[in-house]
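Visitor: Test case, fold it:
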Amino acid sequence: MRCAFLRLAVAAAIVSCGSSTPPPASSPAATGSEPTPSAASGSAPAPALATPAPAPVPTGGSVLIGEINAPKSFNPRPSIEALSSQLVDCYNKARAADPDLRGKVTLQINVNEAGAVLSVDAAPGGHANSPSLVMCISDMMKASAHFPKPGGMATVNTPLVFRP
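Guide: Numbering: from 1, shown residues only. Coordinates of the predicted model:
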């Protein structure tokens with residue numbers, strides 16, 4: 001038993017002395033540069049030029065859906081109203097880049113005979129005619145809008161008014 005304790009003490013002494021291997025070639029001593037505070041502390045290195053953090057996405061906001069112009073046999077209003085929270089999400093994302101964004105944009109939504117959105121464009125004019133807002137709405141509608149079958153191709157003109 002005494003011999004096992006002695007072996008354990010010797011092994012602990014050897015381990016605590018450390019190794020005699022040379023430092024890796026990428027160490028500050030090998031490259032001739034001074035260590036940075038972050039490198040010396042073992043944490044991830046800080047970027048040389050810090051870029052400003054992206055603006056936080058605003059919250060809140062509202063959308064009013066105006067009088068929709070669509071073929072008489074086709075009622076897209078319930079589908080567009082169901083997307084109102086996603087429309088506000090797109091608006092808030094666009095406001096991160098343009099905090100003063102507000103007002104009206106009229107969307108021209110092209111729907112195929114199966115009710116799928118083919119394209120979304122903005123009519124000229126309107127204070128909220130922002131390319132980033134229209135692109136977000138277009139991507140969202142193509143991915144998640146489900147319109148009733150219009151009985152052929154349909155173009156739906158939808159005025160929206162966004163408020164912070």
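Visitor: mind checking how far Asn69 is from Asn157?
Guide: Separation of Asn69 from Asn157 (Cβ to Cβ, to the nearest Å) stands at 4 Å. All C-beta atoms are positioned from the backbone trio N, CA, C, and that covers glycine.
Visitor: swap in Ser62?
Guide: Ser62 sits 21 Å away from Asn157, taking Cβ to Cβ as the criterion.
Visitor: now Pro99
Guide: Noted for Pro99: a distance of 28 Å to Asn157, by Cβ to Cβ.
Visitor: neighbour-wise, which of the two wins?
Guide: More crowded of Pro99 and Asn157, by other Cβ atoms under 10 Å: Asn157, with 14 against 11.
Visitor: OK, contacts around that one?
Guide: For Asn157, the contact set (Cβ atoms under 8 Å, 6 or more residues apart in numbering) comprises Ile68, Asn69, Ala70, Thr106, Leu107, Gln108, Ile109, Ala123.
Visitor: Greatest separation within those residues: which pair is it?
Guide: Greatest spatial distance in those: Ala70 and Ala123, 14.4 Å, computed using Cβ to Cβ.
Visitor: State the number of residues packed around Asp98.
Guide: Per other Cβ under 10 Å, the neighbour tally for Asp98 reads 13.
Visitor: go on, the one 10 residues further on?
Guide: Using other Cβ under 10 Å, Gln108 has 14 neighbouring residues.
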